[in-house]
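Engineer: quick one, structure for this:
(chains A and B, ligands or ions: 2)
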Amino acid sequence: MSTEVRIPSIGFSTQEGTLAEWLVADGEPVEAGQLLYTLELDKSVQEVESPASGTLRIIAPAGEVYDIGALIAEIV
Amino acid sequence: MTASDSFPASALLDVYRNTLKIKTVDEGLRRLIMSGAIHPVFHPPTGQEIVAASMGAVLEPSDYLCTIYRGLHDQVAKGMPMKLIVAEYFMKTTGACKGKGGAMHLTHPASGVMVTTGVVGSSMPIANGLAWASQIKGDGRVSVACFGDGASNIGAFHESLNLAAVWKLPTIFLCQNNRYAECTTYEDATSSKTVAERAAAYGPNMVGVTVDGNDAREMWTAMRDAVARARAGDGPTLLEANTFRFSGHYFGDQDPYIPKEEKEAEKAKDSIGRLRQQVLDSGVATEADLDALKAQFEAEFEEAVEFARASPDPGLDEIYKDIYGAA
Ligand SMILES: Cc1ncc(C[n+]2csc(CCOP(=O)(O)OP(=O)(O)O)c2C)c(N)n1
Ligand SMILES: [Mg+2]
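Structural biologist: Ligands and ions are numbered 1, 2, ... in the order given. As a prediction, the model looks like this:
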């Protein structure tokens, strides 16, 4: 079963966020809790952990702005 | 107040069990938020687990609880089913409030969780109302109002404590003093050294106690004494549980206003690790027992997530239901 990775809603006013950098390369193994990518929001930069263990399948490239809820990767 | 020393090993285990359950739900919800699965406005209870765990270990299922937006630990400890909590965070019809209340309003009278409110200070008068009903009916229930240090500076605090003392209501005012109200420190907004010392202003019917809320023995004992007092009809207690908020005010607040040293000093206390060690030292459970308990709660949480995912969203026809006033 795969686990979706979507842009989270963190805090109150956020509508979108910039996926600044993938910290794990496409196709690499990841552990749940490992830092996965950095997310820039209105007032903060967050390092986001992997929600599951498995292999990372990146869907959305870094360096772009995405809406909250956008599907950016899957852990398979 | 007679603070008895007896703290049975079974109570110690009860407190640890509740703590572990709270941690499981808190951490599980954080993972769901960070993977973009749910979008609640979440006020984490991280750091305050033992306060609620002890409260839950003392209360009966039929007792009443009125809590606040930072209430996940209170709700879990009071016995609210995980499925109902998680489904409400997913805003599904199978949630505690049919998916229309969300994280800040979880309510489940069958578990005694009578209200979760986002209005600072409002848990106290509601708890008094419930306590008054119990007093009139003679049903022996007690009511607990949870609130923060900041809420102790709201007018409703004074009104509630005064009335509870006048009528000797079976209300327990449980102030979870985490030293911050959003980004305001306790000292910057509070005139008295402790919240509990204000109890003296309400006459002999009100008792005030301050404890280390992150110490299971102190917290459980104080809670037991307050509940016994209320049940016996001897009156209300203002119980101040000193604790700490390890996360921001809301999830995503990176709390730059909390000095690093202050947080590190609290982390170093490792209250939950110490509690686990106390349980092991008492001989009431083994490492294997505690690991099995953790696995059991994690499985229960995963089951709750599956249940929530498979549940329907509320339809538009729900919009004018369960509200006051005509559509
Ligand atoms: C009547 C009212 N005033 C202000 C607010 C905004 N507000 C929300 S939480 C909060 C801080 C409350 O702090 P405290 O009582 O210490 O509880 P904690 O969040 O620390 O658990 C404030 C001022 C509100 N929700 N309601
Ligand atoms: Mg506070």
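Engineer: phi, psi of B:V284?
Structural biologist: phi -80, psi -20 (degrees, to the nearest 10).
Engineer: ok, it to ligand 2 distance?
Structural biologist: Using C-beta to the ion, to the nearest Å, we find B:V284 at a distance of 33 Å from ligand 2. The way it works is simple: take the backbone N, C-alpha and C, and place the C-beta from them, glycine included.
Engineer: ok, that residue - contacts?
Structural biologist: B:9-10, B:12-13 (C-beta atoms under 8 Å, 6 or more residues apart in numbering or on different chains).
Engineer: quick one: the strands in the chain?
Structural biologist: Going with chain A. Assigned by DSSP state E, chain A shows strands spanning A:3-6, A:16-22, A:29-30, A:35-40, A:45-49, A:54-58, A:64-67, A:71-75.
Engineer: oops, I was thinking of chain B
Structural biologist: Under DSSP E, chain B gives strands at B:64-68, B:113-117, B:143-148, B:171-177, B:180-181, B:184-185, B:207-212, B:237-242.
Engineer: setting aside sequence neighbours, what's the nearest residue to the most centrally placed residue in chain B?
Structural biologist: Geometric centre of chain B, nearest residue: B:D74, 2.6 Å, by C-alpha atoms, centre = their mean. Excluding the flanking residues, the one nearest B:D74 by C-beta to C-beta, 6 or more residues apart in numbering or on different chains is B:T67, at 4.2 Å.
Engineer: what about that neighbour, how many neighbours?
Structural biologist: 30 (other C-beta atoms under 10 Å in any protein chain shown).
Engineer: same question for B:E261.
Structural biologist: Neighbours of B:E261 using other C-beta under 10 Å come to 8.
Engineer: how near is the residue in the stretch 151-300 of chain B that ligand 2 sits nearest to to chain A?
Structural biologist: Closest to ligand 2 within the stretch 151-300 of chain B is B:N178: 4.3 Å, counting by C-beta to the ion. According to C-beta to the nearest C-beta, to the nearest Å, B:N178 and chain A sit 19 Å apart.
Engineer: beta partners for the residue nearest to B:D74?
Structural biologist: B:T116 (DSSP bridges).
Engineer: I'd say it and B:T116 touch.
Structural biologist: Yes. If you go by C-beta atoms under 8 Å, B:T67 and B:T116 touch, sitting 5.3 Å apart.
Engineer: what is the worst-scoring helix or strand of chain A on mean pLDDT packed up against?
Structural biologist: Every helix and strand in chain A was compared by mean pLDDT, DSSP states H and E; the lowest is strand A:45-49, with a mean of 89. Contacting strand A:45-49 under the criterion 3 or more C-beta pairs under 8 Å, 6 or more residues apart in numbering or on different chains; DSSP states H and E are the following elements: strand A:35-40, helix B:9-34.
Engineer: pull out the buried residues from stretch B:314-322.
Structural biologist: B:P314 (16 or more other C-beta atoms under 10 Å in any protein chain shown).
Engineer: so what touches that stretch?
Structural biologist: Under C-beta under 8 Å, 6+ apart, the answer for stretch B:314-322 is B:91-93, B:98-100, B:327.
Engineer: just the buried residues out of the residues you listed, in PyMOL syntax.
Structural biologist: The following PyMOL command selects only the buried members of those, with burial defined by 16+ other C-beta under 10 Å:
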select buried, chain B and resi 91+92+98+99+100
